[in-house]
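Enquirer: just coords:
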């Protein structure tokens, strides 16, 4: 298995970690962007990421189904489900206005213990919507797992909903590795760390 340090460096190399000026889904401006959707084009990196999700899932006492969120975490959730031999469903961004008009695709049984899978957590809005959708269908949600926590309030928001966020890593750890490995200059490192400290 690739070391976590090596994985972070590979994510940087494929453009999954970018620097500049970005407006996030939440409307917040950021000096960096995490684009984990790119990993689907790199099977070796993709599977390294999936393995780390699978390891974190072992920390959860019990679950019956994994839940992806349109669109970023759907491929991750699908492969996790396949690897662990558990069912998977996914939550749409909005309810279909045709066909069965579903918000959740797949079979979600009432009373099923569901774990939400997310790639990057910022404010926690996407996970919160998924939690509400699953609970409305009779599912139980106590946990969500993300690969990266941007440390911008997502964990606290989910806690108010009774959901524990488990993260594989966070942005402080990622930028520390990139700085130590001389992937980013001191000025860039200070800029992102000041941003993280100020949000």
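Expert: Sure thing, it's come through. Remember, predicted model here, so these are calculated numbers, not experimental data.
Enquirer: contacts, neighbours, all on C-alpha from now
Expert: OK.
Enquirer: burial of residue 197, as a residue count?
Expert: For residue 197, the count of nearby residues is 11 (other C-alpha atoms under 10 Å).
Enquirer: Make 40 the starting number, not 1.
Expert: Okay, residue one is now 40; in that scheme the one you just asked about reads as residue 236.
Enquirer: Quick one: list the elements packing against the strand or helix carrying it.
Expert: Using DSSP states H and E, residue 236 sits in helix 225-237. With contacts defined as 3 or more C-alpha pairs under 8 Å, 6 or more residues apart in numbering; DSSP states H and E, the packing partners of helix 225-237 are strand 68-73, helix 210-219.
Enquirer: residue closest to the middle of the chain?
Expert: Closest to where the C-alpha atoms of the chain average out (C-alpha atoms, centre = their mean) is residue 158, at 2.0 Å.
Enquirer: Let me see the contact set for that one.
Expert: Residues counted as contacts of residue 158 (C-alpha atoms under 8 Å, 6 or more residues apart in numbering) are 75, 111-112, 185-187.
Enquirer: tell me the pLDDT at it?
Expert: On the pLDDT scale, residue 158 is placed at 96.
Enquirer: hang on, it in a helix?
Expert: No - read with DSSP: H, G, I helix; E, B strand; the rest coil, residue 158 is strand and lies in no helix.
Enquirer: how far away is it from residue 152?
Expert: 20 Å (C-alpha to C-alpha, to the nearest Å).
Enquirer: Likewise for residue 89?
Expert: With the distance defined as C-alpha to C-alpha, residue 89 ends up 20 Å from residue 152.
Enquirer: Also residue 116?
Expert: Distance of residue 116 to residue 152, given as C-alpha to C-alpha: 15 Å.
Enquirer: do residue 217 as well
Expert: The spacing between residue 217 and residue 152, counted by C-alpha to C-alpha, is 37 Å.
Enquirer: Now do the same for the residue lying closest to residue 192 once chain neighbours are set aside: its pLDDT.
Expert: Nearest residue to residue 192, sequence neighbours excluded (C-alpha to C-alpha, 6 or more residues apart in numbering): residue 162, at 5.0 Å. pLDDT, residue 162: 92.
Enquirer: Of the contacts of residue 158, which belong to strands?
Expert: Residues of the contacts of residue 158 located in strands (DSSP state E): 185-187.
Enquirer: Thought residue 94 was touching residue 207, still the case?
Expert: No - contact criterion C-alpha atoms under 8 Å: residue 207 and residue 94 do not qualify, at 9.3 Å.
Enquirer: For residue 108, grab phi and psi.
Expert: Residue 108 adopts backbone torsions of phi -120, psi 130, taken as degrees, to the nearest 10.
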